[in-house]
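# for reference, the sequence and a predicted model appear below.
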Amino acid sequence: MTEIFDVISDLLDQGEDLVLTRVISVKGSAPREVGASMVIRRNGEIAGTVGGGLIEAAAIKKAPELFRKKGFARLTFDMTSDDLTSEDMVCGGKLELLVEYLPADEETINVFNGVKDSRRNNQKSFLITSLPDLKEGTVPLQRCLLSPGNTCATGSDGSAEVMDRLKDTVHSLTGPSLVEIDEKRFWVDIIPNRGVLYIFGAGHISREVNDLASRVGFMTVVLDDRAEFANQARFKKPAEVIVLKSFENCFDGLPLDGDSYVVIVTRGHLYDKVVLEQALRSKAGYIGMIGSARKRDTIYKALLAEGFTLEQLESVRCPIGMKIDTESPAEIAVSIVGELIDVRSQKRQWNMLVSQQ
């Protein structure tokens, strides 16, 4: 969904109105999860997907009408019906789409530019859309952005009391959700923090990991004690580069949390151990260290003797990366970033599951 927000913001900035389609409810098995989204342009071009087949075709067919009426529609699909099963839509569940017109007016542009700013600043925010009880309407839906720079006081049809309760509710959500307060319904999109990847070591593998991880949506921070390696000439922006005095106390001042990823690829076993013991005391959601099983066992033995537990060490991905045959720094980076993507995806799936319970 986050990539779709970039598409929306860019098109609106260019003065182009559009139709946005979201999956807002799923019961049973469906081709896409809650929150899956698709943009439909006036010329029929699309970006994103809500499942393909008849489901997507129905939204595309509805779009010209919504462009004319400047309104919205909720479409429901029962994938146990003969029509859908005949089209290989054999998931066996039920799905509801919200298909809505987005005008390229000042208010809408400001809201989605706010979403873009939240993403650029790596700030978690919530896009709140008011949902009438009607199946269809001839006016654009109202929305507002709740973010560190926006209190979401306007743009919604809820009273001040409802909005206050809604603000309290959204902060407990872990995935896009339908929320009902005093018989008023709201759709909440979550713009999450992008995973911040801390790469300790600025050698050849680090540079490849940085480039590839940046391309798949991670914010990257590269740390090393060698200025000749840790510099913007080797690691282009938007990567952040930090030259350390040493790897001792190298986590000081770093805002690590459960969405932080630590990759340890320093130039030697000793430095790897120094970084790892600090990483284990941090709140990082992922810790991976390069090296052979023999190197791992040597470092783990020393850390156990220093008081670390086996449970802590078992949480470390070492040898780091997916199990594929690698040789060059670029190939090793593919293995490492592949694992990062997999971990990030599992977190998202877990968050979606929790939010639907």
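Here it is on my side, so go on. Numbers count the residues shown, from 1 in each chain.

# how distant is the helix or strand encompassing Val162 from the center of its chain?
Assessed by DSSP states H and E, Val162 sits inside helix 160-170. Offset of helix 160-170 from its chain centre (CA atoms, centre = their mean, to the nearest Å): 24 Å.

# and after it, which helix or strand comes next?
strand 177-181.

# sheet-wise, list the partners of that following strand with their directions.
Strand 177-181 sits in its sheet next to strand 184-191 (antiparallel), going by DSSP bridges.

# what are the buried residues along the partner strand?
For strand 184-191, burial by neighbour count (16 or more other CB atoms under 10 Å) applies to 184, 186-191. All C-beta atoms are positioned from the backbone trio N, CA, C, and that covers glycine.

# just the residues you listed now: which is nearest Met219?
Nearest to Met219 among these: Ile191, at 14.0 Å, using CB to CB.

# in the helix holding Val162, what counts as buried?
For helix 160-170, by 16+ other CB under 10 Å, it's 162-163, 165-166, 169-170.

# any chance of those in JSON lines with pLDDT as columns?
Formatted as JSON lines, the buried residues of helix 160-170 follow (pLDDT from 0 to 100):
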{"residue": "Val162", "pLDDT": "78"}
{"residue": "Met163", "pLDDT": "77"}
{"residue": "Arg165", "pLDDT": "84"}
{"residue": "Leu166", "pLDDT": "85"}
{"residue": "Thr169", "pLDDT": "86"}
{"residue": "Val170", "pLDDT": "85"}
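
# redo these as TSV? Include distance to Ser282.
Shown next, in TSV, are these (distance: CB to CB, whole Å):
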residue	distance to Ser282
Val162	39
Met163	36
Arg165	35
Leu166	33
Thr169	30
Val170	28
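
# okay, buried residues for stretch 225-245 please.
Quick answer for stretch 225-245 (16+ other CB under 10 Å): 225, 229-230, 234-235, 239, 241-242, 244.

# return the subset of these lying in strands.
The strands, defined by DSSP state E, take in 241-242 from the buried residues of stretch 225-245.

# following the worst-scoring helix or strand of the chain on mean pLDDT, which helix or strand shows up next?
Counting by mean pLDDT, DSSP states H and E, the weakest-scoring helix or strand in the chain turns out to be helix 82-85, with a mean of 52. Next along the chain after helix 82-85, taking DSSP H and E as the criterion, comes strand 94-102.

# that following strand - contacts with which helices or strands?
Contacting strand 94-102 under the criterion 3 or more CB pairs under 8 Å, 6 or more residues apart in numbering; DSSP states H and E are the following elements: strand 18-27, helix 53-69, strand 72-78, strand 125-131.

# and these as CSV, adding mean pLDDT, distance to Tyr101 and mean neighbour count?
Output for those, formatted as CSV (pLDDT from 0 to 100; distance: least, CB to CB, whole Å; neighbours: other CB atoms under 10 Å):
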stretch, mean pLDDT, distance to Tyr101, mean neighbour count
strand 18-27, 93, 6, 22
helix 53-69, 95, 5, 17
strand 72-78, 93, 7, 19
strand 125-131, 92, 12, 23
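
# which one of those lies nearest to Leu102?
When those are compared (using CB to CB), the closest one is strand 18-27, at 5.3 Å.

# could you list the residues in contact with that closest one?
Here strand 18-27 makes contact (CB atoms under 8 Å, 6 or more residues apart in numbering) with 4, 8, 11-12, 30, 32-42, 50-51, 59, 62-63, 66-67, 74, 93-102, 104, 176, 178, 187, 189, 356.

# show the buried residues in these.
With burial judged by 16+ other CB under 10 Å, the buried subset of the contacts of strand 18-27 is 4, 8, 11-12, 30, 32-41, 50-51, 59, 62-63, 66-67, 74, 94-102, 176, 187, 189, 356.

# output the below-cut-off pLDDT ranges for the chain.
Within the chain, the segments meeting pLDDT under 70 span 1-2, 29, 31, 81-92, 149-159, 348-357.

# pop the domain breakdown of it in here.
Residue ranges for each domain of the chain read 2-191, 196-346, as given by automatic domain parsing.

# could you work out the end-to-end span of the last one for me?
From its first residue to its last, domain 196-346 covers 16 Å (CA to CA, to the nearest Å).
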